[in-house]
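>>> below: sequence and its predicted model.
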Amino acid sequence: MQVKFGNSMSDFVYLNGKYPPAIEAQVSILDRGFMFGDGVYEVIPVYSGKAFALEEHLERLQQSLDAVEIKNPFALADWQGIIQHLIEINTGAQDAAIYLQITRGVMEKRDHVYSREMTPTVLVMCRPVEFPSQDKNTRGVKAITQEDNRWGDCHIKSINLLPNVLLKQYAVDQKAAESILIRNGYVIEGSVSNLFIVKNDTIRTPPKGRNMLGGITRDLIIKICAKNKIVAQEKLISEDDLHDADEVWLTSSTKEIVPVTTLNQHKVGGGVPGPKWHQLIDLYQAYKQSVMRG
Ligand code: PDD
């Protein structure tokens, strides 16, 4: 029986060596992911049935795994094979996102202390995504600022996302799309995104460090800027810089580059997406096309 892609119950997933429909895929209650949020993840965009920036995502996965002492169960080629197969068996998966989660595995008893010999639990899902259309994006979104109350190791893409969940939910409850997080007077990132500002035609994003997730989209934008001789600084952004910016953007694998047109109660720039955003989104789309063709 062929099932249309997009039914979250019947789409196929990868779980520990098998490809069951999601509804049949089961994990033990003794899994440390369930008990402690002890695991890491990745979200990889799929355009026209092809995973985008896959090697970059798998490299970041390796960094997250190393940081929490979980052994990578697969080599690069194995990951590529699993992901390609999953896209193929989910007939119709064209615009989608791969969700990949590795937990430390199943333990015998609940204990904070872990063994380094555990067999990790590996889950990969392929879910439909509606990437933002040019039209939707040109309306821009509202964002609010909030204190960053997360832990000190935000460079790890941990499945332990409760602070991010609460920060994002708070934004949505305020009729905003995202919370922009401030730590010690400096802008770090969004609850589910990285951040760029533009001031006097200069693009700026905070430097990478332990307090933020080094986004693949962020890195790509910096690369695209360099290739096109557009200045993009990796430099601290104070809360004042943010409020004084001509443009503010949020970036992530599933939302790409989103212009913020309202920040708290105020318009950003003229209250419409600015010229630099228009330039970068065109360059980003062109880069995507060239990579997917090649
Ligand atoms: N998250 N910062 C945080 C806290 C994020 O959760 C994300 C994306 C990013 C952007 O990273 P990237 O460009 O590699 O997607 C930055 C994903 C999409 C998620 O959790 O669903």
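Arrived safely.

>>> near the ligand, anything from whichever strand or helix holds residue 125?
For residue 125, the host element (DSSP states H and E) is strand 121-128. No: figure legend: strand 121-128 not in contact with the ligand (Cβ under 6 Å from any ligand atom); closest approach 10.4 Å. The way it works is simple: take the backbone N, C-alpha and C, and place the C-beta from them, glycine included.

>>> which positions in that strand come out as buried?
121, 122, 123, 124, 125, 126, 127, 128 (16 or more other Cβ atoms under 10 Å).

>>> mind checking pLDDT for the second one?
Among the per-residue scores, residue 122 shows a pLDDT of 98.

>>> tell me the contacts of it?
Shown in contact with residue 122 (Cβ atoms under 8 Å, 6 or more residues apart in numbering): 14, 15, 16, 73, 74, 100, 101, 102.

>>> what segments of the chain are helices?
Ranges of helices within the chain are 32-36, 54-68, 76-89, 134-137, 162-173, 216-227, 239-243, 275-293, based on DSSP state H.

>>> next, the buried residues of the shortest one.
Right, helix 134-137. So for helix 134-137, counting by 16+ other Cβ under 10 Å, buried means residue 137.

>>> chain center to that helix, what's the gap?
20 Å (Cα atoms, centre = their mean, to the nearest Å).

>>> outside of stretch 132-151 itself, list whatever touches it.
163-164, 167, 170-171, 174-183, 188, 190, 211, 239, 242, 248, 250, 255-264, 268, 271-273, 281.

>>> how many other residues sit next to the nearest residue to residue 26 once chain neighbours are set aside?
Nearest residue to residue 26 in three dimensions, chain neighbours excluded: residue 15, at 8.0 Å (Cβ to Cβ, 6 or more residues apart in numbering). Neighbourhood size, residue 15 [other Cβ atoms under 10 Å]: 19.

>>> pretty sure residue 15 is touching residue 27, no?
Yes: if you go by Cβ atoms under 8 Å, residue 15 and residue 27 touch, sitting 7.4 Å apart.

>>> overlap in contacts of those two?
121, 123.

>>> pLDDT at the residue of the stretch 1-150 of the chain at minimum distance from the ligand, what is it?
Residue nearest to the ligand within the stretch 1-150 of the chain (Cβ to the nearest ligand atom): residue 43, separated by 4.1 Å. With respect to pLDDT, residue 43 scores 98.

>>> what's the neighbour count on it?
18.

>>> likewise for residue 8?
So residue 8, with other Cβ under 10 Å, has 11 neighbours.

>>> show the contacting residues for it.
Contacts of residue 8 (Cβ under 8 Å, 6+ apart): 22, 127.

>>> could you dump the helices of the chain to TSV with mean pLDDT and distance to residue 116?
What follows is the helices of the chain, written out as TSV (pLDDT from 0 to 100; distance: least, Cβ to Cβ, whole Å):
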stretch	mean pLDDT	distance to residue 116
helix 32-36	98	13
helix 54-68	98	11
helix 76-89	96	21
helix 134-137	70	45
helix 162-173	98	26
helix 216-227	98	28
helix 239-243	98	42
helix 275-293	94	37
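
>>> I'd like the ones you listed as a markdown table, with distance to residue 5 appended.
As requested, those are exported to a markdown table (distance: least, Cβ to Cβ, whole Å):
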| stretch | distance to residue 5 |
| --- | --- |
| helix 32-36 | 26 |
| helix 54-68 | 19 |
| helix 76-89 | 10 |
| helix 134-137 | 22 |
| helix 162-173 | 26 |
| helix 216-227 | 24 |
| helix 239-243 | 40 |
| helix 275-293 | 19 |
